[in-house]
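only geometry, no sequence info:
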Ligand SMILES: O=C(O)C(=O)C[C@]1(C(=O)O)C=C[C@@H](O)C=C1
């Protein structure tokens, strides 16, 4: 079976009723995680007010901080990308429970630069570690990466390129728009599995 966009594995996430509807995930604004959490919020409450829905997605500097917010009861659900190398910690945490999982395409990823910035043939590229392999796939000729500068999210990677800390960033369309970057490569989404954790 080929998993489709928005395919659900287990509907418990929709039936478990945490004390708060707020969903915690990785930020800042513009991450794939933010889009996935916003999608989950819409699935859980399809008739909900979009303004309230946006307020129900809370962004943290790391998935671990979002996990602490879950155990502290600040958020009722935690959304983590399964491509995240540290996702095992959430599965092993006896205080947490996997409530469900869903397939959801990330926003489109590409290599972006600050508007009008000259890019050297061997650029320094800001990227989150999870999608780093896309740098070689997407970087157009004649460029080859000189160095991958690892960042905490695709959105902080975009910020690094905007602040000229790196030549370019591997980032998402929303993060590139927020930080006024322009793509120098083609873009593509990643079909991703997202885990939803709740307190046990
Ligand atoms: O940085 C982001 O935009 C994220 O949501 C994180 C994350 C990840 O940790 O796996 C999510 C999905 C993509 O594979 C790349 C990065």
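Here it is on my side, so go on. Please read these numbers as outputs of a predicted model, since none were measured by experiment.

show me what contacts residue 181?
112-115, 158, 161-162, 169, 171, 175 (C-beta atoms under 8 Å, 6 or more residues apart in numbering). C-beta here means a position set from N, CA and C on the backbone, and glycine is covered the same way.

once you drop chain neighbours, what's closest to it?
Nearest residue to residue 181, sequence neighbours excluded (C-beta to C-beta, 6 or more residues apart in numbering): residue 112, at 3.7 Å.

average model confidence for the host helix or strand of the one you found?
Per DSSP states H and E, residue 112 falls inside strand 109-114. If you average the pLDDT over strand 109-114, you get 98.

who are the packing partners of that strand?
helix 133-138, helix 154-162, strand 168-172, helix 173-178, strand 181-183 (3 or more C-beta pairs under 8 Å, 6 or more residues apart in numbering; DSSP states H and E).

the ligand: which of the ones you listed is closest?
Relative to the ligand, the nearest member of the helices and strands packed on strand 109-114 by C-beta to the nearest ligand atom is helix 154-162, separated by 3.5 Å.

columns mean pLDDT and distance to the ligand on top of the helices and strands packed on strand 109-114, output as a markdown table?
Formatted as a markdown table, these follow (pLDDT from 0 to 100; distance: least, C-beta to the nearest ligand atom, whole Å):
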| stretch | mean pLDDT | distance to the ligand |
| --- | --- | --- |
| helix 133-138 | 98 | 9 |
| helix 154-162 | 98 | 4 |
| strand 168-172 | 98 | 6 |
| helix 173-178 | 98 | 7 |
| strand 181-183 | 98 | 14 |
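
could you dump those into CSV with distance to residue 58 added?
Below are these laid out as CSV (distance: least, C-beta to C-beta, whole Å):
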stretch, distance to residue 58
helix 133-138, 27
helix 154-162, 15
strand 168-172, 19
helix 173-178, 17
strand 181-183, 25
